[in-house]
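Asker: Here is my input; please provide its structure:
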Amino acid sequence: MWVQDGKPITFPRYEDLPETYDALSESDHTFSFLREGDSALNFLKGSSHPVFVKLVSRMEVKPAKGGLECMRDVVTKTKHACILYSISSPYLIARNMSDADARELVLAPETTYMIFVGLALHGGSLCKTSLDRWLSQARPFHLETIWTGQDEYETVRLPKLAWLAASSESEKKAAVESDDLILKHISGAFYALTVYIGVSLLFFGQELVGERKEEES
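Answerer: Below is the predicted model:
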């Protein structure tokens, strides 16, 4: 807090967020892990690295369909993080985080990747981190193409949002007339019944008149 001309001036306090696994393991944040298959989870559980050992002992494992819950915890809980595949976060945010006035989520640049086949290096080698990252990018990875095709995010959703923004129009569903049975649908039957009753009364009256004439004669 600063004081100027005898008046206090306050500024918001921004805390440093953990943006690495090491900082996250040492912080007082709670965190969840989105389990999309078993390979990443088994990699973390099988690792003997002190950072990953701490993470596994504290993290809450979410099922594969718990992406929305994992993101919701980040927004609603104090000091909470969600560990998930970096390629999944844009889709989860686009599908579920629709409030344009809300604060944007902080996506940490720290990543890790499991390497099944690679070069053996001495522990603590300076080349290991860069080499692991290069190998992970060189390895074939087709989930992005599959998700894009299934989600139609780039081919349908983005063009539709652009059209709505340009025209300020929205699709309106045409009103469908109800096909419920009402009195108007059966009014013809009542009209026919009235005509038949009128004709029957005429014939009945004609017979009465004819019968009286026969009796008088």
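Asker: which residues touch residue 189?
Answerer: Applying CB atoms under 8 Å, 6 or more residues apart in numbering, one finds that residue 189 lies in contact with no residue. For the C-beta atoms, the positions are set from N, CA and C on the backbone; glycine is no exception.
Asker: secondary structure class for it?
Answerer: Of the three states, residue 189 takes helix according to DSSP: H, G, I helix; E, B strand; the rest coil.
Asker: let's number from 886 now, not from 1
Answerer: Yep, numbering from 886; the last one is residue 1074 now.
Asker: And the pLDDT at it?
Answerer: Per-residue confidence for residue 1074 comes out at a pLDDT of 81.
Asker: pull the helix or strand with minimum mean pLDDT from the protein.
Answerer: Among the helices and strands of the chain, strand 887-889 carries the lowest confidence by mean pLDDT, DSSP states H and E, at a mean of 46.
Asker: all strands of the chain, in order?
Answerer: Secondary structure of the chain by DSSP state E: the strands cover 887-889, 892-894, 915-919, 945-947, 965-968.
Asker: In terms of mean pLDDT, which of those ranks lowest?
Answerer: Taking each of the strands of the chain in turn, the lowest mean pLDDT turns up on strand 887-889, with a mean of 46.
Asker: Can you pull the phi/psi pair for residue 913?
Answerer: Comment: the main-chain dihedrals of residue 913 come out as phi -100, psi 20, following degrees, to the nearest 10.
Asker: didn't it look like it was pressed against residue 966?
Answerer: No. Between residue 913 and residue 966 there is no contact, the gap being 11.3 Å when judged by CB atoms under 8 Å.
Asker: Domains in this structure, by residue range?
Answerer: What automatic domain parsing lists as the domains of the chain is 887-997, 1006-1052, 1068-1101.
Asker: okay, these, which one's buried deepest?
Answerer: Across the domains of the chain, the average number of neighbours (mean count of other CB atoms under 10 Å) peaks for domain 887-997, which reaches a mean of 13.
Asker: quick one: residue 904 and residue 966 touch, right?
Answerer: No. Counting by CB under 8 Å, residue 966 is not a contact partner of residue 904; they are 9.8 Å apart.
Asker: joint contacts of the two?
Answerer: Common neighbours of residue 904 and residue 966 (criterion: CB under 8 Å, 6+ apart): residue 993.
Asker: so where is this protein shaky, pLDDT-wise?
Answerer: Low-confidence segments of the chain, defined by pLDDT under 70: 886-899, 984-988, 998-1011, 1017, 1019-1036, 1038, 1053-1066.
Asker: Tell me which stretches of it form helices.
Answerer: Assignment of helices within the chain using DSSP state H yields the ranges 906-911, 924-931, 935-943, 952-961, 974-981, 1012-1023, 1028-1036, 1043-1052, 1072-1101.
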